[in-house]
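In: take a look and give me a structure for this.
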Amino acid sequence: MTEQHGPETAPGYAARRRRGGIVAFVVGLAATLAFFAFFPGMPHVIDWGAVLVSLAVGTLARAGCRAWMAKEAERKRSSHL
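Out: Purely as a prediction, here's the structure:
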């Protein structure tokens, strides 16, 4: 069998991908909660709708970060060939 070599098979790639996804999720969640908590003219309470929207934004940020990391890994792999 042939082994694939590239950035996505490096030992630390999975850890970096997981860490990046966690950081993106937390940043998206915190930014959305901060928006709902401090935006002028909105009630300054966090209700369940704001929490659910924040979770959705965090999930989208995580998916975007993971897609970006996969795209960069593919670009690096293709440039090494």
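In: and the residue most central in space within the chain, helix, strand or coil?
Out: Nearest to the geometric centre of the chain sits Arg62, at 2.3 Å (Cα atoms, centre = their mean). Taking DSSP: H, G, I helix; E, B strand; the rest coil as the rule, one finds Arg62 in the helix state.
In: apart from its neighbours in sequence, what residue is nearest it?
Out: For Arg62, ignoring the flanking residues on the chain, the nearest one in space by Cβ to Cβ, 6 or more residues apart in numbering is Phe25 at 4.2 Å. The C-beta positions use only the backbone N, C-alpha and C, and glycine is treated the same way.
In: against Gly12, how distant is that neighbour?
Out: For Phe25, the distance to Gly12 equals 20 Å [Cβ to Cβ, to the nearest Å].
In: which of these two has more neighbours?
Out: Neighbours per residue (other Cβ atoms under 10 Å) separate Phe25 from Gly12, with Phe25 holding more: 19 against 9.
In: that one: which element?
Out: Using DSSP states H and E, Phe25 sits in helix 13-38.
In: list the buried residues of that helix.
Out: In terms of neighbour count (16 or more other Cβ atoms under 10 Å), helix 13-38 has its buried residues at 17, 21, 24-25, 28-29, 32-33, 36.
In: related to what we said a few turns ago, hmm, the residue nearest to the centre of the chain is touching Ala24, no?
Out: Yes - the criterion here is Cβ atoms under 8 Å, and Arg62 meets it with Ala24 at 4.9 Å.
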